[in-house]
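S.K.: Any chance you could fold what I've pasted below:
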Amino acid sequence: MKPLIVLLLAFFISLCSTKIFRGNYDLYLSGRIAMSVMLVFTAVAHFTFNKGMSMMLPDFIPYKTETVYLTGIIEIVAAIGFFIPNLRVVTAWLLIAFLILILPANIYATIKHIDYQKGTFDGSGLGYLWFRIPLQILFIVWTYLAVIKG
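M.R.: Sure, this is the predicted structure:
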């Protein structure tokens, strides 16, 4: 829920800012800014809650902590890549692939009731998937529309 709030809040602040400073609303720029802010926000969690995020990965995946750190770095690099014109579209497609690849970890964490912030097994459970899967789809569509189409 927090990433969605960050995404929408950053979008509306950016949209108003582009109107004030540029004289018109720039949906695509605001969309890229919002997605970048959200990615940095979620990347911070990879470094802050690394124990709980490591628990989100199935047992067969080695180097869990390192994987969590790497995925946090990927999110930061993507946030920056959206603003490098020659890399923008490639970054967006790689982020879409990344978002698809991390969905199983979110499903696994939900099934195991993992609360990544506390690093415990008392998370919200399967009901969360009714929110998480549409949220992941929203992030993919947002990236496509704001970055690739924009």
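S.K.: which helix in this structure runs the most residues?
M.R.: helix 88-111 (DSSP state H).
S.K.: Give the residue farthest from the middle of the protein.
M.R.: G23 (29.6 Å; CA atoms, centre = their mean).
S.K.: Spell out for me which residue occupies the centre of this protein.
M.R.: Short answer for the chain (CA atoms, centre = their mean): L39, at 4.6 Å.
S.K.: who are the neighbours in contact with that residue?
M.R.: Counting by CB atoms under 8 Å, 6 or more residues apart in numbering, L39 touches 75-76, 78-79, 95. No exception for glycine: its C-beta is placed from N, CA and C like everyone else's.
S.K.: I'd like these as a markdown table, with neighbour count and secondary structure appended.
M.R.: Formatted as a markdown table, the contacts of L39 follow (neighbours: other CB atoms under 10 Å; DSSP: H, G, I helix; E, B strand; the rest coil):
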| residue | neighbour count | secondary structure |
| --- | --- | --- |
| E75 | 23 | helix |
| I76 | 17 | helix |
| A78 | 24 | helix |
| A79 | 22 | helix |
| L95 | 24 | helix |
